[in-house]
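S.K.: The sequence isn't on hand, but the structure is:
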């Protein structure tokens with residue numbers, strides 16, 4: 001958890017800068033406003049056009065406040081949906097980068113339909129007729145991450161975490177003591193090896209020794225290789241096959257009986 005939350009860990013824009021060319025950001029949801037916690041737009045990956053949707057945390061105090069600590073609001077998810085629909089319309093692969101402690105729980109977000117926005121994204125992502133590759137690069141927090149997480153291929157950086165709840169919140173609920181976060185983290189099985197063993201993700205992307213923050217360029221190159229491989233594997237599937245592939249993948253999660 002400490003590595004996943006490291007203050008110098010590369011964030012989505014760091015990877016976008018290193019992996020993609022001609023990135024053109026799209027702003028706004030055409031309903032309420034723009035949410036800086038989600039960065040989305042058109043880009044080129046090794047000469048091929050695609051769409052990118054990413055959750056972005058801040059580095060310093062000013063950026064953290066601007067990005068709302070990486071916690072999207074409904075307009076952020078609706079902006080993401082807008083970009084997903086563009087990807088589907090123009091048959092461009094979609095890459096999403098997950099890095100959020102969770103969706104913003106404030107009353108203003110709830111008033112504007114936070115739960116509905118997340119639910120709609122889950123439904124619409126499930127039926128996109130284009131390849132969808134999801135990468136958890138830091139924190140994958142609950143529905144806030146899952147709203148961008150319905151993909152044909154789901155990958156995690158080696159030191160990323162993906163969980164229904166933070167260890168601190170889990171400890172406060174289960175043990176009535178947030179100080180038992182370490183114990184809760186072990187029970188949650190939120191690490192990449194745990195999730196791979198449970199068949200909830202498809203692969204782990206190695207990081208430099210000590211974590212991605214030690215060498216962001218090397219971490220980005222490792223991500224590039226896995227992204228290239230994943231997109232190539234999905235390239236030959238038809239829209240119907242991609243939808244069925246995605247459906248079967250998520251339908252099988254949690255099924256431990258042959």
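M.R.: Perfect, thanks for sending it. Everything quoted here is computed from the prediction, not taken from an experiment.
S.K.: what sits up against stretch 22-39?
M.R.: 12-13, 16-17, 40-44, 52-56, 66-83, 86, 100, 104, 112 (CB atoms under 8 Å, 6 or more residues apart in numbering). Any C-beta I mention is one placed from the backbone N, CA and C, and that applies to glycine too.
S.K.: quick one: the strands in the stretch 101-250 of the chain?
M.R.: Using DSSP state E, counting those that start in this stretch, the strands of the stretch 101-250 of the chain run over 132-141, 153-157, 161-163, 203-205.
S.K.: Deepest in the core, which of those strands is it.
M.R.: Of the strands of the stretch 101-250 of the chain, the one with the most neighbours on average (mean count of other CB atoms under 10 Å) is strand 132-141, at a mean of 27.
S.K.: Could you list the low-confidence segments of the stretch 151-258 of the chain?
M.R.: Residues of the stretch 151-258 of the chain meeting the criterion pLDDT under 70: 257-258.
S.K.: in it, which spans are helices?
M.R.: Applying DSSP state H, counting those that start in this stretch to the stretch 151-258 of the chain gives helices spanning 167-174, 181-188, 192-197, 216-234, 239-251.
S.K.: Can I get those helices in CSV including distance to residue 210?
M.R.: Converted to CSV, the helices of the stretch 151-258 of the chain look like this (distance: least, CB to CB, whole Å):
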stretch, distance to residue 210
helix 167-174, 22
helix 181-188, 20
helix 192-197, 16
helix 216-234, 11
helix 239-251, 32
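S.K.: Pipe the strands of the stretch 101-250 of the chain into TSV and attach distance to residue 232 per row.
M.R.: Output for those, formatted as TSV (distance: least, CB to CB, whole Å):
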stretch	distance to residue 232
strand 132-141	11
strand 153-157	11
strand 161-163	24
strand 203-205	14
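S.K.: Compare the ones you listed and report which one is nearest to residue 228.
M.R.: strand 132-141 (10.1 Å; CB to CB).
S.K.: quick one: strands adjacent to that closest one?
M.R.: strand 94-100 (parallel), strand 153-157 (parallel), strand 161-163 (parallel) (DSSP bridges).
S.K.: Nearest to residue 184, out of the strands of the stretch 101-250 of the chain?
M.R.: Closest to residue 184 of these is strand 161-163 (CB to CB; 9.6 Å).
S.K.: center of the chain, which residue is that?
M.R.: residue 98 (2.0 Å; CA atoms, centre = their mean).
S.K.: What does the pLDDT read for that one?
M.R.: For residue 98, the pLDDT comes out at 97.
S.K.: shouldn't it be in contact with residue 151?
M.R.: No. With contacts defined as CB atoms under 8 Å, residue 98 does not count as touching residue 151, sitting 9.9 Å away.
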